[in-house]
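S.K.: Coordinates for the following, if possible.
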Amino acid sequence: MTETLCELVGVEKSFGDNRVLKGLNLSLPAGAVTVLMGANGAGKSTLVKILSGVHALDSGSVTLVGNPFRPSNPAEAIRAGVVTVHQNINDGVIPDLDVASNLLIDRMAEPGYGFLLKRRQNNAEAERIASQMGLALNVRQPVSELGIADRQLIAIARAMAHNPKLLILDEPTSSLSASEAERLFGLVERLSAKGVAVLYISHRMSDIRRIADRIVSMRDGEISGVFEGEHLDYEGAVNAMLGHQMTDADIRIGARGKQVLDISGLKLLPQSRPFDLKLAENEVVAVTGLLGSGKTALAQCLFGLSRAEAGTMHLDGTPYTPSSPKAAIACGVFMSPKDRANNAVIADFNLTRNVTLPFLSRYSRLSFVKRSKERDTANTMIRDLSVVCQSEADGINTLSGGNQQKIMLARWLAEECRLLLLDEPFQGVDIRARRDIGRKIRETAAKRATLVFVSELDEALEVADRIVVMTEHSITAEFINQNVDLNEILTAVTGSAPEQAGQPEEAAFA
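M.R.: Here you go, the predicted structure:
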């Protein structure tokens, strides 16, 4: 029988009148990867924060290797062997320090480490840790110069350096390419083989099928299902998480309206192949591809954050060459960026101001903001997107990650536009929130063209009329989202499809 490494019995936690954990019972076996699934607001984050020493439980008990475990802070949890890699990358790295200092920062803070910094010794140790993780990085390089994926891997490597008994990974592959994710999976498997208990929080079916030994579903502050054995019941786990049967998204492709965007011969990089793309009103097009395929580069070009090497763009028949996001917005092109923590959320503002910020002039007269009009807009979007909150006056950081994502989408859906760009709008949200967001995108699409940039194929299938595949910063295939051949799309995504594979646009809509 597998030894229980960590056990929670009757765990309760409330914040004011909000009862978040309701007598939760959970066992985490040594040497097993337990995937935790739960809708936003189910209590996953609170559970993780109790285990990692951020929050104290109100009642109940937690044991670790048979001993009472009640850490008063994260450092105490780490010393006991419970190490957490949080979903927010900024919680795992310090951008102003170099890679070596980030990998060893916890060790440097320990008593007896010494007053003088042993730079050469630290760099050697950091290189050893990086090598174990398969990180080919200059340990002297500032983390601020690295991309999101590398920062994520540094946060994970920092956690591994503690030789954890219980490793908690919160959506760890959200910023990783397929090869980087596979490297992480291999490391997790090696750790679990050594007896480490892994609590892996994810809603990505590709992750779950690859890594899970067991699945635990959570709903409304309680465990709603435990699934283990040789053949895991993935659909049953999702149903237990949602509280009802999961149904497939029903995409009904409507009539295309007036052409909005016409891209011709666009080159995103000097060495990339030129491509064409046309978008019309009442059309939602998903752009998918591996990390580094050029999805974000295309989004940034359309929003005035970068310039193309060659080619032309026309918006409603007029040449379109935005010099900045401000110029793009003035032309009716809106963009919700990925990495909401760094690029979208204004932490000091409440929900209302986070929604209305780009368009304050529309709520103002003679420099005075009409707050009642702002609140009305915010409340409409909160209702339409099923945002879980107390009121429109709540601070944005009081919401779960999925509900923050809904507010960021609300910011750009609150006003009409001609072209809406959504870069990873489902990042870090559960299946229920994903359906809410996808429904709202399609419901409001009639008077604009919509481009949704996604890494997960199931996300594209749930929201798009048409799926466009990018590899090496060029469009290589496209598919109409009806009776689609998944293997053909996957072949195109991995870069093995011939150029211009799939149905050509003209034939598809003839």
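S.K.: how about the strands in the stretch 251-400 of the chain?
M.R.: Using DSSP state E, counting those that start in this stretch, the strands of the stretch 251-400 of the chain run over 259-267, 275-280, 283-288, 310-315, 318-319, 333-336, 364-365, 368-369.
S.K.: just the stretch 1-150 of the chain next, same as before
M.R.: Taking DSSP E, counting those that start in this stretch, the strands of the stretch 1-150 of the chain run over residues 4-15, 18-29, 33-38, 59-64, 67-68, 82-85.
S.K.: tell me the angle the second one makes with strand 33-38.
M.R.: Here strand 18-29 runs at an angle of 160 degrees relative to strand 33-38 (axes from the mean of the first three to the mean of the last three CA atoms, to 10 degrees).
S.K.: which stretch among the strands of the stretch 1-150 of the chain comes nearest Leu242?
M.R.: strand 33-38 (9.5 Å; CB to CB). Heads up, the C-betas are built off the backbone N, CA and C, glycines and all.
S.K.: gap between the helix or strand where Glu235 lies and the chain center?
M.R.: Assigned by DSSP states H and E, Glu235 falls within helix 234-242. In terms of CA atoms, centre = their mean, to the nearest Å, the centre of helix 234-242 is found 20 Å from the chain centre.
S.K.: Rounded mean pLDDT for that helix, please.
M.R.: In this model, helix 234-242 has a mean pLDDT of 80.
S.K.: ok, back up a step: mind checking which of the strands of the stretch 251-400 of the chain is nearest Arg214?
M.R.: Comparing the strands of the stretch 251-400 of the chain under CB to CB, the one sitting nearest is strand 283-288, at 29.9 Å.
S.K.: Direction included, what does the closest one pair against?
M.R.: strand 449-454 (parallel), strand 466-471 (parallel) (DSSP bridges).
S.K.: can you list contacts of the first one?
M.R.: The reference is to strand 449-454. Here strand 449-454 makes contact (CB atoms under 8 Å, 6 or more residues apart in numbering) with 260-261, 279-281, 283-288, 295-296, 298-299, 302, 338, 418-426, 441, 459-460, 463-464.
S.K.: how about 6 Å then?
M.R.: Strand 449-454 has contacts (CB atoms under 6 Å, 6 or more residues apart in numbering) with 260-261, 279-280, 283-288, 295, 299, 419-423, 460, 463.
S.K.: try the last one
M.R.: When contacts are defined by CB under 6 Å, 6+ apart, strand 466-471 is touched by residues 285-289, 293-295, 460, 475-481, 492-493, 495.
S.K.: Extract the C-alpha trace of it and format it as PDB.
M.R.: Output in PDB follows, covering the C-alpha atoms of strand 466-471 (Å, rounded to 0.1, in the frame of the first residue of the first chain):
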ATOM      1  CA  ARG A 466     -11.900  28.900 -38.700                       C
ATOM      2  CA  ILE A 467      -8.500  27.700 -37.400                       C
ATOM      3  CA  VAL A 468      -5.300  29.100 -38.700                       C
ATOM      4  CA  VAL A 469      -2.000  27.400 -38.000                       C
ATOM      5  CA  MET A 470       1.300  29.200 -37.700                       C
ATOM      6  CA  THR A 471       4.800  27.800 -37.800                       C
END
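S.K.: follow-up on the earlier one: mind putting the strands of the stretch 251-400 of the chain into TSV with mean neighbour count, distance to Asp170 and mean pLDDT?
M.R.: Shown next, in TSV, are the strands of the stretch 251-400 of the chain (neighbours: other CB atoms under 10 Å; distance: least, CB to CB, whole Å; pLDDT from 0 to 100):
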stretch	mean neighbour count	distance to Asp170	mean pLDDT
strand 259-267	18	37	96
strand 275-280	19	35	96
strand 283-288	25	24	94
strand 310-315	16	38	96
strand 318-319	8	45	96
strand 333-336	24	22	93
strand 364-365	11	40	76
strand 368-369	11	37	76
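S.K.: Please verify my assumption that Gln370 contacts Tyr363.
M.R.: Let me fix one detail, which is that residue 370 is Lys and not Gln. Yes. Between Lys370 and Tyr363 there is a contact under CB atoms under 6 Å: 5.2 Å.
S.K.: ok, the two, which is more surrounded?
M.R.: Neighbour totals were compared for Lys370 and Tyr363, and Tyr363 leads with 18 against 12 (other CB atoms under 10 Å).
S.K.: wait, isn't the more buried one in contact with Lys373?
M.R.: Yes. Counting by CB under 6 Å, Tyr363 touches Lys373, with 5.2 Å between them.
S.K.: Outline the domain layout of the protein.
M.R.: 4-242, 249-332+417-510, 344-416 (automatic domain parsing).
S.K.: What's the end-to-end length of the shortest one?
M.R.: Pointing back at domain 344-416 there. With CA to CA, to the nearest Å as the measure, domain 344-416 spans 19 Å from end to end.
S.K.: just the longest one next, same as before
M.R.: Between the opening and closing residues of domain 4-242 we find a distance of 27 Å, counting by CA to CA.
S.K.: Please name the nearest non-neighbouring residue to Gly134.
M.R.: Arg183 (5.0 Å; CB to CB, 6 or more residues apart in numbering).
S.K.: how many other residues sit next to that neighbour?
M.R.: Around Arg183 there are 17 other residues, counting by other CB under 10 Å.
S.K.: Checking it next. Helix, strand or coil?
M.R.: helix (DSSP: H, G, I helix; E, B strand; the rest coil).
S.K.: quick one: it and Leu135, what's the gap?
M.R.: Applying CB to CB, to the nearest Å, the value for Arg183 to Leu135 is 9 Å.
S.K.: Just the CA trace of stretch 170-180, in PDB.
M.R.: Extracted in PDB, the C-alpha atoms of stretch 170-180 (Å, rounded to 0.1, in the frame of the first residue of the first chain):
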ATOM      1  CA  ASP A 170       0.200  25.400 -10.200                       C
ATOM      2  CA  GLU A 171      -0.400  25.500 -14.000                       C
ATOM      3  CA  PRO A 172       3.300  25.000 -14.600                       C
ATOM      4  CA  THR A 173       3.100  24.500 -18.400                       C
ATOM      5  CA  SER A 174       1.000  27.600 -19.200                       C
ATOM      6  CA  SER A 175       4.100  29.400 -20.600                       C
ATOM      7  CA  LEU A 176       6.100  26.500 -21.800                       C
ATOM      8  CA  SER A 177       6.600  25.100 -25.300                       C
ATOM      9  CA  ALA A 178       6.000  21.400 -26.000                       C
ATOM     10  CA  SER A 179       9.700  20.500 -25.600                       C
ATOM     11  CA  GLU A 180      10.000  22.500 -22.400                       C
END
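S.K.: So which bits of it are buried?
M.R.: Neighbour-count burial for stretch 170-180, counted by 16 or more other CB atoms under 10 Å, picks out Asp170, Glu171, Pro172, Thr173, Ser174, Ser175, Leu176, Glu180.
S.K.: Surely the first one and Thr84 touch.
M.R.: Meaning Asp170. No. The criterion here is CB under 6 Å, and Asp170 misses it with Thr84 at 7.2 Å.
S.K.: Residue most distant from the centroid, the chain?
M.R.: Centroid-distance maximum for the chain: Leu366 at 39.8 Å, with CA atoms, centre = their mean.
S.K.: Relative to Val388, how far out is it?
M.R.: 36 Å.
S.K.: do the same with Val65
M.R.: Distance of Val65 to Val388, computed by CB to CB: 36 Å.
S.K.: ok, now Ser323?
M.R.: According to CB to CB, Ser323 stands 39 Å off from Val388.
S.K.: So between the two, which is more surrounded?
M.R.: Taking other CB under 10 Å, Ser323 and Val388 do not tie; Val388 has more neighbours (14 against 9).
S.K.: Phe303 versus the more buried one, what's the distance?
M.R.: Separation of Val388 from Phe303 (CB to CB): 29 Å.
S.K.: Would you mind measuring from the nearest residue to Glu392 once chain neighbours are set aside to Ala56?
M.R.: Closest residue to Glu392 apart from its sequence neighbours, by CB to CB, 6+ apart: Ala378 at 4.2 Å. Distance of Ala378 to Ala56, computed by CB to CB: 33 Å.
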